[in-house]
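[1] Pasting the sequence and the predicted coordinates here, then a few questions.
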Amino acid sequence: MPPAAQSVTEGLQLLTHWILILAVPLAGIGALSMALIQTAKNMLPLRRWFQRNRVENWLAHRANEATAAAGAPNSVSIAQAKSDLVHLATAGDASALYSLPIEQLCGQINASTQVLLDYPSLHWNLLRCLASEAHPPDLALLNPPDPAVHAARKMLLRKPAIALTDAEHNQVDDYVAARNRVSHQIQRAVDALQISVSFRWKFWMQLASILLSAALGVAALLIGSAYGQINLSSRGQCGLIVLTAILSGFLAPVARDLVAALEQIRT
């Protein structure tokens, strides 16, 4: 074998040897970190706290938008909007609602949209929050400020289509079009909420796993240095601590994702 090829082979063997030496303990640290985080998630309502905070802040932001669009006299009651959301989605059980995975939570909000559109006057604060970016004329068509106009339209919607005049057909078409536009706007807003909450929850879980794995890796290295047979200089210890923290920290999210994939396959 040529000397160059032999050098490459020996270098690859040495590299593989060190990778195997480092991979096992680092993978163990990552798995331990993942197990600790999963235990904390199971024992503490972390998801519920996080999602409740995010959803309520989201509602408050959209309520402020709706108030700014309509003017101060028509301010939105944030407390009433939150209460209506919980009652429509889970019959008043806030803990059950905010403990759901974000996909199911947003699914419950979307399921409540039909009730909002059918009875806008009963849940006007929540409707204005969810449809804060809808056109004010569309919202006015859904919930006319004049009770007489509202009653007349209800009677109009009950009439058979064949009995409607051209003017009445136009009124019905305008109402249906406005309802569809508001419905689509609410669906897009809820989809944006789902994407935002899912991204931030994953980010904080990954950050926690990295920090915890780094702490476990440093602790293991310090214990090994104190009670084992590892004799390194101060510079070597610092370098090894940094390397262990970085590698073990980035292996933890991988272990967590693998466990999550296995749980999905099992279910």
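    Happy to help now that I have it. Numbers count the residues shown, from 1 in each chain.
[2] At which residues are the helices of the stretch 51-200 of the chain located?
    According to DSSP state H, counting those that start in this stretch, the stretch 51-200 of the chain carries its helices in the segments 78-90, 94-99, 102-118, 124-130, 136-142, 147-158, 166-227.
[3] ranking these by burial, who's on top?
    Highest mean neighbour count among the helices of the stretch 51-200 of the chain (mean count of other C-beta atoms under 10 Å): helix 124-130, with a mean of 26. Heads up, the C-betas are built off the backbone N, CA and C, glycines and all.
[4] which secondary structure elements does that one contact?
    helix 46-70, helix 78-90, helix 102-118, helix 136-142, helix 166-227 (3 or more C-beta pairs under 8 Å, 6 or more residues apart in numbering; DSSP states H and E).
[5] what's the angle from the third one to helix 166-227?
    Just to be clear, that refers to helix 102-118. Between helix 102-118 and helix 166-227, the angle comes out at 160 degrees (axes from the mean of the first three to the mean of the last three C-alpha atoms, to 10 degrees).
[6] ok, residues contacting helix 102-118?
    Helix 102-118 is contacted from outside by 51, 55, 85, 88-90, 97-98, 100, 123, 126-127, 130, 142, 179, 182-183, 186-187, 190-191, 193-194, 197-198, 201, using C-beta atoms under 8 Å, 6 or more residues apart in numbering.
[7] returning to that earlier point: please name whichever of the helices and strands packed on helix 124-130 is nearest to residue 28.
    helix 166-227 (8.9 Å; C-beta to C-beta).
[8] Figure out which of the helices of the stretch 51-200 of the chain is closest to residue 30.
    When those are compared by C-beta to C-beta, helix 166-227 sits nearest residue 30, at 5.6 Å.
[9] So what angle separates the directions of that closest one and helix 46-70?
    Computed by the same axes, to 10 degrees, the angle between helix 166-227 and helix 46-70 is 140 degrees.
[10] and the residue lying closest to residue 208 once chain neighbours are set aside, how far is that from residue 31?
    Nearest in space to residue 208, with sequence neighbours left out and distances taken as C-beta to C-beta, 6 or more residues apart in numbering, is residue 37 at 6.0 Å. Using C-beta to C-beta, to the nearest Å, one obtains 11 Å as the distance from residue 37 to residue 31.
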